[in-house]
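1. generate coordinates for the sequence data below:
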Amino acid sequence: MAASSEAKTVHSPLVTYASMLSLLSFCPPFVILLWYTMVHADGSITQTWNYLRQNGLQGFIQIWPKPTATACKIIFCYGAFEAALQLFLPGKTVQGPISPTGHRPVYKANGMAAYFVTLFTYLSLWWFGIFNPTVVYDHLGEIFSALIFGSFIFCIFLYIKGHLAPSSTDSGSCGNIIIDFYWGMELYPRIGKDFDIKVFTNCRFGMMSWAVLAVTYCIKQYEQNGRVADSMLVNTILMLVYVTKFFWWEAGYWNTMDIAHDRAGFYICWGCLVWVPSVYTSPGMYLVNHPIHLGTQLALYILVAGILCIYINYDCDRQRQEFRRTDGKSSIWGKAPSKIAASYTTTSGETKTSFLLTSGWWGLSRHFHYVPEISAAFFWTVPALFNHFLPYFYVVFLTILLIDRAKRDDDRCRSKYGKYWKLYCEKVPYKILPGVY
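-> Model prediction:
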């Protein structure tokens, strides 16, 4: 099956099993501990640790909030609203990359419209007194708890669907139930013809919730203190700029590893449904109860540096997307691009050719776009200053995630392109940080 070859390129069996079992076991309780520490323990790991040491497992069970009807209503209304926008908002028809089996998915690119409609609706509900976003913050623990269990059930649904009713030929089992559940069965699962599940989980639920919660934290601090601290403003603006960039470039995201190579399982879908809303937004969650005053000059320095990093990250992706769109004939920094023509064979035996870009940002390192992405995360976190480590967990996590992703992408490309990838690595020797790694 196609899934078996995919599984071989991801890590050694020992590392694969260890990472899968640890993430399946530790990620759900970590989300609750993160929320509890940020909201109820002043952001202090020491304070939470002392509580758990004194109260043990029973203490942990007591701080784990039960999913409530209010939390479930919020999740349902948000999810249904985003699903409706995904289905019914108009958008340009965009084709994804050709899969290993020769399948080419088709999408409707209406993410930017959905993003603006979502934020406009959310802010209007608050402005006209119809719904107060502070309700979301006040029930955040219950929402995360409901998402943890609900998303796990959703991943079971994806596993069963992959076995019984796959949406395309890009599906299959490696023969191991744990690996199939964790990495997923289907590459492009859909409900019906038009509702793409990964676009919903990754983009319209996960990434959209990042923007919604960033705004929520800002409003909560305003209603709590009568003003918004400059630290919160910098954090919120940078996060919103980043998410805006994402939806502006959403069609390009459909060509990345998340969509075009990683299957729909616990790793991707549970992560986007739970990990993104909780961990990715955590610096803002911390700042709600820590209205730090940076001063105009420092706030502007951080803001400009963060926006510059987000722009460079966007320009890296734009450069590669334009290179692919023009079949290697675009201009890179005012010159014709340097490239390698790489032949490969699909699983159906068809020979195809891709161009590997070796100039511009992509001549500095094979994954240079990760450098400004990690830097941007640092800049929207640094308004929290350095009283506690936990606000910086996302930066640490993102660094580990992207280093692992660079390795997986290199392994996949080495398997796909063979000698051409070796030639590419000789021309672009560094993985992420030029001159270092």
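2. so which helix or strand of the protein has the lowest pLDDT on average?
-> helix 2-8 (a mean of 42; mean pLDDT, DSSP states H and E).
3. any idea how far the helix or strand following that one is from the chain center?
-> Later in the chain than helix 2-8, the nearest helix or strand by DSSP states H and E is helix 13-40. How far helix 13-40 lies from its chain's middle: 16 Å, per Cα atoms, centre = their mean, to the nearest Å.
4. and stretch 49-67, by the same measure?
-> That offset, for stretch 49-67, works out to 29 Å (Cα atoms, centre = their mean).
5. hmm, who's touching that stretch?
-> 29, 32-33, 36, 40-41, 141-142, 144-146, 149-150 (Cβ atoms under 8 Å, 6 or more residues apart in numbering). For glycine as for every other residue, the C-beta is placed from the backbone atoms N, C-alpha and C.
6. again, but for stretch 183-198
-> So stretch 183-198 is in contact with 3, 6-7, 10, 83, 86-87, 96, 99, 103, 105, 107-108, 158-159, 161-163, 166-168, 170-174, 258-269, going by Cβ under 8 Å, 6+ apart.
7. then it to PDB, C-alphas only?
-> The C-alpha trace of stretch 183-198 is given here as PDB (Å, rounded to 0.1, in the frame of the first residue of the first chain):
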ATOM      1  CA  TRP A 183       0.100   9.200  11.000                       C
ATOM      2  CA  GLY A 184      -3.200   8.800   9.300                       C
ATOM      3  CA  MET A 185      -4.700   6.600   6.600                       C
ATOM      4  CA  GLU A 186      -5.700   9.200   4.000                       C
ATOM      5  CA  LEU A 187      -3.800  12.000   2.300                       C
ATOM      6  CA  TYR A 188      -6.800  13.900   1.100                       C
ATOM      7  CA  PRO A 189      -9.900  12.900   3.100                       C
ATOM      8  CA  ARG A 190     -13.200  14.600   2.100                       C
ATOM      9  CA  ILE A 191     -16.800  14.500   3.200                       C
ATOM     10  CA  GLY A 192     -18.700  14.400  -0.100                       C
ATOM     11  CA  LYS A 193     -17.100  16.000  -3.100                       C
ATOM     12  CA  ASP A 194     -16.300  19.500  -1.800                       C
ATOM     13  CA  PHE A 195     -15.600  19.500   2.000                       C
ATOM     14  CA  ASP A 196     -11.900  18.900   2.500                       C
ATOM     15  CA  ILE A 197     -11.200  17.700   6.000                       C
ATOM     16  CA  LYS A 198      -7.600  18.700   6.300                       C
END
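8. hey, where'd the strands end up in the stretch 51-200 of the chain?
-> 92-95, 106-109, 190-191, 195-196 (DSSP state E, counting those that start in this stretch).
9. who does the third one pair up with?
-> To tie it back to what came earlier, the one meant is strand 190-191. strand 195-196 (antiparallel) (DSSP bridges).
10. quick one: mean pLDDT over the strand it pairs with.
-> For strand 195-196, mean pLDDT is 97.
11. ditto for stretch 372-386
-> For stretch 372-386, the mean confidence score works out to 98.
12. using CSV, list the CA coordinates for that stretch.
-> The C-alpha trace of stretch 372-386 is given here as CSV (Å, rounded to 0.1, in the frame of the first residue of the first chain):
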residue,chain,number,x,y,z
PRO,A,372,12.3,34.0,10.2
GLU,A,373,9.3,31.8,11.3
ILE,A,374,11.1,30.9,14.6
SER,A,375,12.3,34.5,14.9
ALA,A,376,8.8,35.9,14.5
ALA,A,377,7.5,33.6,17.2
PHE,A,378,10.2,34.9,19.5
PHE,A,379,9.2,38.5,18.8
TRP,A,380,5.5,38.0,19.6
THR,A,381,6.5,36.2,22.8
VAL,A,382,9.2,38.6,24.0
PRO,A,383,6.7,41.2,25.2
ALA,A,384,6.1,38.8,28.1
LEU,A,385,9.8,39.5,29.1
PHE,A,386,11.7,36.9,31.1
